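>>> Got a predicted model here, sequence first, then my questions.
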There are 2 protein chains.
Amino acid sequence: MSRRVTLAVVGATGQVGAVMREILAERAFPVDQVRFFASARSAGTTLPFAGRDVVVEDAEGADFRGIDIALCSSGAASSRVLAPRLAAAGALVIDNSSAWRMDPDVPLVVPEVNAHALSGVVKGIVANPNCTTMAAMPVLKPLDRAAGLRVMVAATYQAASGAGRDGVEELAAGIGDGASARRLTFDGSALPYTTGVKFPVTLAHNVIPLAGALVDDGLFETNEEKKLRDESRKILELADLVVSGTCVRVPVFTGHSLALTLGFARPLSPEAATEILSRSEGVVVHDLPTPRLAAGRDPSYVGRIRTSDAFENGLSLFVTGDNLRKGAALNAVQIAEAWLARG
Amino acid sequence: MSRRVTLAVVGATGQVGAVMREILAERAFPVDQVRFFASARSAGTTLPFAGRDVVVEDAEGADFRGIDIALCSSGAASSRVLAPRLAAAGALVIDNSSAWRMDPDVPLVVPEVNAHALSGVVKGIVANPNCTTMAAMPVLKPLDRAAGLRVMVAATYQAASGAGRDGVEELAAGIGDGASARRLTFDGSALPYTTGVKFPVTLAHNVIPLAGALVDDGLFETNEEKKLRDESRKILELADLVVSGTCVRVPVFTGHSLALTLGFARPLSPEAATEILSRSEGVVVHDLPTPRLAAGRDPSYVGRIRTSDAFENGLSLFVTGDNLRKGAALNAVQIAEAWLARG
């Protein structure tokens, strides 16, 4: 990659934007010029990058000409407006919101899994999957290739940072301290248990079996559960994959985990699955994959790989990954790298 | 119940023993005389009960004659010795350990589910199920009765107090405070992440996909996962029930939860399941069943009841219950009440 590009980060002041800036520096992404965009509220502030301060521009009304690649992480509503404007100005838009993921003319890409889908860019937009689905994709693709994935039952353990910086603050505010929290052993209301803002009830020292919001699809499922199904099918190119998910928020700051029970078309032993995963890109096989292990690191960690008799050719396993890095910022940067590598 | 009994609590100074003493008082259990037993270390101390102080006796070498019912919660090794001695002295032993649960001559009882099994007492011992299995039983039995349960995929969210008082202290010690813990958002090792004593690694702000210890059954499952299968089959009287569990510890003090995906022999709509559960004993249907809601309360809370296409006639739901109350102490007292009601 000798070419150096003009790169935009839209939503640069947000939580994912911050991790994007960090990862661009870590990976020495070939930036010629960088431009940071945010809402009017943050415009005019500066953010450091590559040893100098970059002034944050107001995305609304900005002149986007000259941008080669735009990493967008400014939310779905904003993205519906900004992504087409950026693309019309000539940028490849890599969008982290849910706005474009299910558009048939927008590839939904995890580079280790379906980089070839980048040939399907017709609107100038590529979508980044949601953070929960993402952790599982680098694990599921090689297993599907080996044995034909047919069904996935998923129970998730999703971190507060998946709900943004406000989610992190809401969890932190509820924690109190260990000595007080211990009183919850005999009474769950010994500390305040109330309606939350980012979460429906207090997340601290709790588990909330409703990540996201209920969607009106007649299935009584959440938008997180629907994304897990729809996005898994699109990324894995398995239109008929059965996905039955329960999306649960846990009192963890970063690191989304999934307990997966899988059924395959052909036999796949735990030993064979372990061998395949141990040489799969973006995956680390680990005895005890936990969010504390994954937070701040790049790969999806997978473990507890064992036979399940719930399905013919069944396997159970546990996956965890950093929802801000691979689950958002890292994958967006990796899409940009894959795009440049295609020339 | 006009009869008043001589009741023993063995392991009276422990965490479950404390909840047993509280529940006996709450429910005005018909105690004539109470005796508290513990290990030599605690013998001679006193515990309050019904307005007076009761001296704790050393269980080893004690004279058990005259005891009608003994609630035992002193661990499996101790119970293997004490339960037969108590039974030989004429007591009905209700044992909370794993020692006797799978003995074919020992009923494993959840009164709402299989009180009739009390007719099978042949050794003078009745076993109390493990706390994770327990939360699900009052929910699964009425659904099985309606539609024939065939398969259960379970991912659990198990609280620290399931690992005893030391588990609670280990979690509390790791919590620090919210302001510090927030740093884990970008680095899971920003606070100490180490090998634990009751838990394999730090549980605070984490999720550990290994509750219990791995058993050498060739299945690479934990003893918690094995108990969930074996005890569910015995209590529900479904020898062929397929149970595929992943037992996970979460940073919650009390309240074990399960995300369940179920397959039935006959159709069962979410509406019908909800209607059945709303009139089932020991069950409360709730929009958002969480451990913080359940801790300190008696019922199993169930919600998120919806169709799953993972199995023919499939349903998904989420259950949570207090692992110290219904999961241990309450169920033991309820077994004693059911025994007395039989006369």
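Thanks, I have it. All figures in this text were calculated on a predicted structure; none of them were measured in a lab.

>>> Enumerate every residue touching the residue in the stretch 201-343 of chain A that chain B sits nearest to.
Nearest residue of the stretch 201-343 of chain A to chain B, counting by Cβ to the nearest Cβ: A:Ala295, 3.3 Å away. Quick note: C-beta positions are derived from backbone N, CA and C, even for glycine. Residues in contact with A:Ala295 (Cβ atoms under 8 Å, 6 or more residues apart in numbering or on different chains) are A:Ala159, A:Phe253, A:Thr254, A:Gly255, A:Asp322, B:Leu184, B:Thr185, B:Phe186, B:Asp187, B:Gly188.

>>> Now it: closest residue in space, sequence neighbours ignored.
The shortest distance from A:Ala295 to any non-neighbouring residue, by Cβ to Cβ, 6 or more residues apart in numbering or on different chains, is to B:Gly188 (3.3 Å).

>>> That neighbour should be in a helix, yeah?
No. Using DSSP: H, G, I helix; E, B strand; the rest coil, the assignment for B:Gly188 is coil, not a helix.

>>> Correct me if wrong: it contacts A:Thr254.
Yes. B:Gly188 is in contact with A:Thr254 according to Cβ atoms under 8 Å; the separation is 7.0 Å.

>>> so what sits against both of these two?
Taking Cβ under 8 Å, 6+ apart as the contact rule, B:Gly188 and A:Thr254 both touch A:Pro291, A:Ala294, A:Ala295, A:Gly296.

>>> How many neighbouring residues does the second one have?
When neighbours are defined as other Cβ atoms under 10 Å in any protein chain shown, A:Ala294 has 29 of them.

>>> The stretch 51-200 of chain A against chain B: which residues are in contact?
Proximity of the stretch 51-200 of chain A to chain B is confined to A:151, A:153, A:155, A:157, A:161, A:168-169, A:171-179, A:181-182, A:184-189, A:193, A:200 under the rule Cβ under 8 Å from any Cβ of the partner chain.

>>> Try it again at 10 Å.
Contacts of the stretch 51-200 of chain A with chain B, taken as Cβ under 10 Å from any Cβ of the partner chain, map to A:151-161, A:165, A:167-193, A:200.

>>> Now intersect those residues with the strands, please.
A:Val151, A:Met152, A:Val153, A:Ala154, A:Ala155, A:Thr156, A:Tyr157 (DSSP state E).

>>> I'd like to know which of those is nearest to A:Arg342.
Of all these, A:Arg342 sits closest to A:Met152, with 30.2 Å by Cβ to Cβ.

>>> tell me the contacts of the residue of the stretch 1-150 of chain A at minimum distance from chain B?
Using Cβ to the nearest Cβ, the closest approach of the stretch 1-150 of chain A to chain B is made by A:Val19 at 7.3 Å. The neighbourhood of A:Val19, defined by Cβ atoms under 10 Å, 6 or more residues apart in numbering or on different chains, consists of A:26, A:73, A:161, A:254, A:296, A:322-325, A:327-330, A:332-333, B:185-186.

>>> filter those to the buried ones?
A:73, A:161, A:254, A:296, A:322-325, A:327-330, A:332-333, B:185-186 (16 or more other Cβ atoms under 10 Å in any protein chain shown).

>>> which one of the residues you listed sits closest to B:Ala62?
Of all those, B:Ala62 sits closest to A:Thr254, with 52.2 Å by Cβ to Cβ.

>>> Any figure for the gap between the closest one and B:Arg183?
Using Cβ to Cβ, to the nearest Å, A:Thr254 is found at 10 Å from B:Arg183.

>>> Same question for A:Val302.
To B:Arg183, A:Val302 is 26 Å away according to Cβ to Cβ.

>>> and if you look at A:Leu7?
28 Å.
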